[in-house]
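# Prediction below, plus the sequence it came from.
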Amino acid sequence: MGPKTAMSEGDLFRHPLREQINLKHPLVRLADLINWDGLNASMSASFVSRKGRPATSARLIAGLLYLQHAFDLSDEEVVWQWVENPYWQVFTGETFLQTEPPIDPSSLTRWRKRLGEAGVEELLTETIEAAKRAGVIKASSAKRVIVDTTVMQKAIAHPTDSRLLERCREHLVRAAARNGLKLRQNYNREAPRLACQIGRYAHAKQYKRMKKALRTLRSRVGRVMRDVERQLDSVADTGRIALQELIGRTKRILSQKQKDKNKLYALHAPEVECLAKGKARTPYEFGVKVSITTTHKEGLVVGARSMPGNPYDGHTLAEALEQAAILSDVKPEVAIVDRGYKGVAVEGVMIYHPGLRRGITRQLRAMIRRRSAIEPAIGHMKTDGKLDRNWLKGALGDAIHAVLCGAGHNLRMILRKLRIFCARVLFALLNRSPTVVFKA
């Protein structure tokens, strides 16, 4: 059963919402620029309900995801502000004023999983097409692009050995209680005190004492893990797989050294990586590398993709340009990159970076100098959008979040263009109005 579209009998006596608001508002004009029917057709496979109540409207979910990433809101905030803002309701396709939340905020998590990376890429594609209709970019603007990478940090605590060990012990003790296992000792009193004392020793630069306490904590966690592992056969099949996974991650944390390349930085998020971007303020960031592709002139995002595994920047270029060609329906001909992409060639694309010296004309030098225009775009995606911290789970959550951040940046650019246009029209009307001259 598809989304419910029929009008109820009570709506016949209600006043339409579009007759009560300013139709020149940027959000209303943006809603008219987006091809909702095309989005509904492309997303219809994810919005089919075979039993029970009718499925939620595809436009409602797409509109809420757009608003959430355009205005940097959480799932709860975007749903409750939707109730308070009639312009947001018009944007998501409501005909009459609604006074109750349209969905439960937690259901947005399930809708994101249903859409997947391919579904949210459709949302990004539609923002590019809306930008063309609004005059933000030209159809040929996607032929020249700027490509750069950044770090999308994961919502995890700063990884320290003592904290990771204590988290392993806590999860093992809870899992044992949940599965009815009896432990010889759980160290619920000693281990938290040890973890706290390790932090104090580190702060006081008493590293010998810190290492001794850390060895003690590691031995306590190992005892609990081996006690649980010995009783695995008595656990039911439903809980054994999760328990085996927890034991495997605990063994990985117990055995990893300080300079290991494949370290585990979060017990609940094994996909988190440690990335060094050469920044003085943050030498290391914990998350995933994201490749951003923008148009050369306007800075509109035509590609955003997470790159797990911390690859070399040059190895991500071909994939980034391929995504930009698919989403914008225009194959890039010129790509401006930084020095981190040296020595990389992509067939059919001219690649320029600041290190080039031969055959560079004055026009090319000016074009290469504009490469830094992508830096403020990434900065706005982190400060005005949600790229600075990712709360979605797993590698799929990283991929979905990166694409939606690009869509939110495009919507902010379109809204700014529409606001400027409205201000210019108003200014022109005021200048055309006849002036009244008062005579003494």
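Alright, I've got the coordinates.
# and Val78, what is it in contact with?
Leu64, Leu67, Gln68, Phe71, Pro105, Leu108 (Cβ atoms under 8 Å, 6 or more residues apart in numbering). For the C-beta atoms, the positions are set from N, CA and C on the backbone; glycine is no exception.
# now it: how far from Arg59?
Applying Cβ to Cβ, to the nearest Å, the value for Val78 to Arg59 is 15 Å.
# Asn410 too?
18 Å.
# Please apply the same query to Asp227.
54 Å.
# And these two? Which one has more around it.
When Asp227 and Arg59 are compared for neighbours, Arg59 comes out ahead with 21 against 17, by other Cβ atoms under 10 Å.
# Now name the helix or strand holding that one.
Using DSSP states H and E, Arg59 maps to helix 58-70.
# helix or strand right after that helix?
With DSSP H and E, the next secondary element past helix 58-70 is helix 75-84.
# buried sites along that next one?
Residues of helix 75-84 classed as buried by neighbour count (16 or more other Cβ atoms under 10 Å): Asp75, Val78, Val79, Trp82.
# relative to helix 58-70, how tilted is that helix?
Angle, helix 75-84 to helix 58-70, by axes from the mean of the first three to the mean of the last three Cα atoms, to 10 degrees: 110 degrees.
# mind exporting helix 75-84 as PDB, just the C-alpha atoms?
These are the backbone C-alpha positions of helix 75-84, laid out as PDB (Å, rounded to 0.1, in the frame of the first residue of the first chain):
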ATOM      1  CA  ASP A  75      15.900  14.200  14.300                       C
ATOM      2  CA  GLU A  76      13.800  15.500  17.200                       C
ATOM      3  CA  GLU A  77      14.400  19.200  16.500                       C
ATOM      4  CA  VAL A  78      13.500  19.000  12.800                       C
ATOM      5  CA  VAL A  79      10.200  17.200  13.600                       C
ATOM      6  CA  TRP A  80       9.100  19.600  16.300                       C
ATOM      7  CA  GLN A  81      10.100  22.700  14.400                       C
ATOM      8  CA  TRP A  82       8.100  21.300  11.500                       C
ATOM      9  CA  VAL A  83       5.000  21.500  13.700                       C
ATOM     10  CA  GLU A  84       5.800  25.200  14.600                       C
END
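# from the chain's centre, how far out does it sit?
19 Å (Cα atoms, centre = their mean, to the nearest Å).
# could you give me the average pLDDT of it?
The pLDDT scores in helix 75-84 average 95.
# distance between the one helix or strand Gly379 maps to and the chain's centre?
Using DSSP H and E, Gly379 maps to helix 374-383. The chain centroid and the centroid of helix 374-383 are separated by 13 Å under Cα atoms, centre = their mean.
# and it, what does it pack onto?
The criterion is 3 or more Cβ pairs under 8 Å, 6 or more residues apart in numbering; DSSP states H and E, and the helices and strands that helix 374-383 contacts are strand 144-153, strand 285-295, helix 394-432.
# I'd like the next helix or strand past the second one.
Going down the chain from strand 285-295, the next helix or strand is strand 301-307, by DSSP H and E.
# This structure: strands as residue ranges?
Under the criterion DSSP state E, strands of the chain are mapped to 144-153, 273-275, 285-295, 301-307, 334-336, 350-352.
# could I get these as a markdown table with distance to Ala242?
As requested, those are exported to a markdown table (distance: least, Cβ to Cβ, whole Å):
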| stretch | distance to Ala242 |
| --- | --- |
| strand 144-153 | 27 |
| strand 273-275 | 24 |
| strand 285-295 | 24 |
| strand 301-307 | 26 |
| strand 334-336 | 45 |
| strand 350-352 | 46 |
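# Let me know which of those is the nearest to Ser46.
strand 301-307 (20.2 Å; Cβ to Cβ).
# how far off helix 374-383 does the closest one point, in degrees?
Using the same axes, to 10 degrees: strand 301-307 against helix 374-383 is 70 degrees.
# What helices and strands are in contact with strand 301-307?
Against strand 301-307 (3+ Cβ pairs under 8 Å, 6+ apart) you get helix 107-134, strand 144-153, strand 285-295, helix 317-328, helix 394-432.
# List the neighbouring strands of it plus their orientation.
strand 285-295 (antiparallel) (DSSP bridges).
# The partner strand to helix 107-134, inter-axis angle?
30 degrees.
# what's the distance between strand 285-295 and the middle of its chain?
Going by Cα atoms, centre = their mean, where strand 285-295 is centred and where its chain is centred differ by 10 Å.
# For it, output the C-alpha coordinates as PDB.
What follows is strand 285-295 as a C-alpha-only set of coordinates in PDB (Å, rounded to 0.1, in the frame of the first residue of the first chain):
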ATOM      1  CA  GLU A 285      41.000  13.300  13.900                       C
ATOM      2  CA  PHE A 286      38.900  10.200  14.400                       C
ATOM      3  CA  GLY A 287      36.400   9.500  11.800                       C
ATOM      4  CA  VAL A 288      36.400   8.800   8.000                       C
ATOM      5  CA  LYS A 289      37.900  10.600   5.000                       C
ATOM      6  CA  VAL A 290      35.300  12.400   2.800                       C
ATOM      7  CA  SER A 291      35.900  13.600  -0.800                       C
ATOM      8  CA  ILE A 292      34.000  16.800  -1.700                       C
ATOM      9  CA  THR A 293      33.500  17.900  -5.400                       C
ATOM     10  CA  THR A 294      32.200  21.400  -6.100                       C
ATOM     11  CA  THR A 295      31.800  23.500  -9.200                       C
END
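# quick revisit: so which of the contacts of Val78 is surrounded by the most neighbours?
Among these, Leu64 has more neighbours than the rest - 24 neighbours, counting by other Cβ under 10 Å.
# isn't that one right next to Leu108, touching?
Yes: assessed by Cβ atoms under 8 Å, Leu64 is found in contact with Leu108 at 6.7 Å.
# Quickly list what's touching both of these two.
Residues touching both Leu64 and Leu108 (Cβ under 8 Å, 6+ apart) are Val78, Val79.
# Check the gap between the residue nearest to Leu60 when sequence neighbours are not counted and Gly348 for me.
Distances taken as Cβ to Cβ, 6 or more residues apart in numbering put Thr92 closest to Leu60, at 4.9 Å, once the chain neighbours are dropped. Thr92 sits 40 Å away from Gly348, taking Cβ to Cβ as the criterion.
# out of those two, which sits in the busier spot?
Thr92 (20 against 9).
# any idea how far that one is from Gln98?
10 Å.
# Now for Ala320: which residues touch it?
Contacts of Ala320 (Cβ under 8 Å, 6+ apart): Val147, Ser291, Thr293, Gly303, Arg305.
# Find the residue closest to the second one in space, skipping its chain neighbours.
Sequence neighbours aside, Ala320 is the residue nearest to Ser291 in space, at 4.3 Å (criterion: Cβ to Cβ, 6+ apart).
# now the one you found: how far from Ile128?
15 Å.
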